[in-house]
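S.K.: curious how this folds, go ahead:
(4 chains)
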Number of protein chains: 2
Amino acid sequence: MTVDREQVLRTAAALLSRKATATMDEVAKAAGIGRATLHRHFAGRDALVKALEVLGIREFEAALDAARLDEGSAEEGLRRLVAEIEPAAGLLSFLVTENQLFEGAHVNEGWGRLDARVSAHFRRGQQQGEFRIDLTPAWLTEALYGLIGTGAWAVQDGRVAAKDFQYMIVELLLGGARRNVEQ
Amino acid sequence: MTVDREQVLRTAAALLSRKATATMDEVAKAAGIGRATLHRHFAGRDALVKALEVLGIREFEAALDAARLDEGSAEEGLRRLVAEIEPAAGLLSFLVTENQLFEGAHVNEGWGRLDARVSAHFRRGQQQGEFRIDLTPAWLTEALYGLIGTGAWAVQDGRVAAKDFQYMIVELLLGGARRNVEQ
DNA sequence: CCCTTGCGAGACACTGATGTCTCATTCGGG
DNA sequence: CCCGAATGAGACATCAGTGTCTCGCAAGGG
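M.R.: I've put the predicted structure just below:
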């Protein structure tokens, strides 16, 4: 009988990341609850978005922790990160697109911290000679977010099989589309 | 005195791709014109979005033609395509995010055609042994769109220099982040 | 078994965006 | 220099979305 708050948020993220103009009524319907109930749990649209941000940042941070980026090679760390982040891919893609419209340049402090951790990981990979140095850590970070979001959409729309999600993202990000001749 | 219709559309695409909930008034202000004038040129919000789609598809198609994908290696074709598409990157990223919310699964027929051309190019690259076959053409196509959109945002927000736009996208998409040891 | 709690559906007023209008102004061509 | 076309600013009605409320109902615990 009780609404699963987290499930509602995940559904809302999946919907809002594809249709930012979605109505509160649409969000409620997508989550399978009534609009009044949605309002009981989230005071308004702003509160809903804020809750999405909080949950998304929390899950992303948890994924970063669980990935143990410091251990092993940078590549292994990245693979673990993508694996850990997969369940929250919808939330992350919502966060990324939402963060674009930083109203008045007030970047979320939590987001900045996560951004720095990911960026630092790519920098470590460069310093250890694993990653190319002609692609900036900032760009690799953005590209990772973009590919995760794209992957989440592609899976949702059935253009990519869910089981290939991790592989497609990591392989493209690490190895690229070019076929290595010596292989 | 006369409004530059195309410039208005480009400005609108840049704004709407970052903030889909932007008001007609915001769009007008961003384009430096009055709201009434905006309404004179585009009957309403739907008409504006439709015009953006038409222009975006037209420019994308022109980029595909200009890139001469059939000539030379698949990699060269891809590089030309990204170069040709750069001026319309904002429009393309709007189209991609907009196309996610295919209302009632009515995918735009023009978009499907473009999609098929890009996908076919990746397939050709695979058949010629240039591209990896473990990454599907559909995914490579999606990834290209995603990276172009991500790149456009990153440039807009100053996280990546505009002059690096093409390089960052093509190098990551083709070669990936991993440093090749034999190099 | 009852009773409390939480939910869905619907009604309602309110706010903000939209679309249309008028009017003064300005630009640019003739 | 003058005139027409196009624009900007603003007023206005309309409407969709929002936020709040009530009521009936179902679930689940005591």
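S.K.: show me the strands in chain A, by range?
M.R.: For chain A, applying DSSP state E gives no strands.
S.K.: list the buried residues for the lengthiest helix in it?
M.R.: Under DSSP state H, the helix in chain A containing the largest number of residues is helix A:45-67. For helix A:45-67, a neighbour-count test (16 or more other Cβ atoms under 10 Å in any protein chain shown) marks A:45, A:48-49, A:51-53, A:55-57, A:59-60, A:63-64, A:67 as buried. Quick note: C-beta positions are derived from backbone N, CA and C, even for glycine.
S.K.: what's the lowest-mean-pLDDT helix or strand in chain A in contact with?
M.R.: None of the helices or strands of chain A scores lower by mean pLDDT, DSSP states H and E than helix A:89-100, at a mean of 84. Helix A:89-100 is contacted by residues A:9-10, A:13-14, A:16-17, A:20, A:49, A:52-53, A:55-57, A:59-60, A:85, A:107-108, A:111, A:145-146, A:148-149, A:151-153, A:155-156, A:165, B:18-19, B:97, B:153, B:157 when judged by Cβ atoms under 8 Å, 6 or more residues apart in numbering or on different chains.
S.K.: with stretch A:124-134 instead?
M.R.: By Cβ under 8 Å, 6+ apart, stretch A:124-134 touches A:69, A:73-75, A:78, A:122, A:137, A:140, B:167, B:171, B:175, B:177-179.
S.K.: now do that stretch, average pLDDT.
M.R.: Mean pLDDT, stretch A:124-134: 96.
S.K.: just to revisit the earlier point, any of the contacts of helix A:89-100 buried? List them.
M.R.: Judged by 16+ other Cβ under 10 Å, buried ones among the contacts of helix A:89-100: A:9-10, A:13-14, A:16-17, A:20, A:49, A:52-53, A:55-57, A:59-60, A:85, A:108, A:111, A:145-146, A:148-149, A:151-153, A:155-156, A:165, B:18-19, B:97, B:153.
S.K.: give me the mean pLDDT for the longest helix of chain A.
M.R.: Looking at helix A:45-67 alone, the average pLDDT works out to 94.
S.K.: quote the end-to-end distance of stretch A:129-142.
M.R.: Taking Cα to Cα, to the nearest Å as the measure, stretch A:129-142 stretches 21 Å from start to finish.
S.K.: okay, buried residues for it please.
M.R.: Applying 16+ other Cβ under 10 Å to stretch A:129-142 flags A:E130, A:F131, A:R132, A:L135, A:T136, A:P137, A:A138, A:W139, A:L140, A:T141, A:E142 as buried.
S.K.: quick one: which two of the buried residues of helix A:45-67 are the most distant?
M.R.: Using Cβ to Cβ, the pair of the buried residues of helix A:45-67 lying farthest apart is A:R45 and A:A67, separated by 32.4 Å.
S.K.: the residue of chain A found nearest DNA strand D: how many residues sit nearby?
M.R.: Residue of chain A nearest DNA strand D, by Cβ to the nearest atom of the strand: A:G44 (2.7 Å). Neighbour count of A:G44, defined by other Cβ atoms under 10 Å in any protein chain shown: 11.
S.K.: same deal with A:R159?
M.R.: Residues within reach of A:R159, counting by other Cβ under 10 Å, total 16.
S.K.: my read: it touches B:L140, true?
M.R.: No: if you go by Cβ atoms under 8 Å, A:R159 and B:L140 don't touch, sitting 11.3 Å apart.
S.K.: hmm, stretch A:145-158 in reach of chain B?
M.R.: Yes: Stretch A:145-158 is in contact with chain B by Cβ under 8 Å from any Cβ of the partner chain, via A:Y145, A:G146, A:L147, A:G149, A:T150, A:G151, A:W153, A:A154, A:D157.
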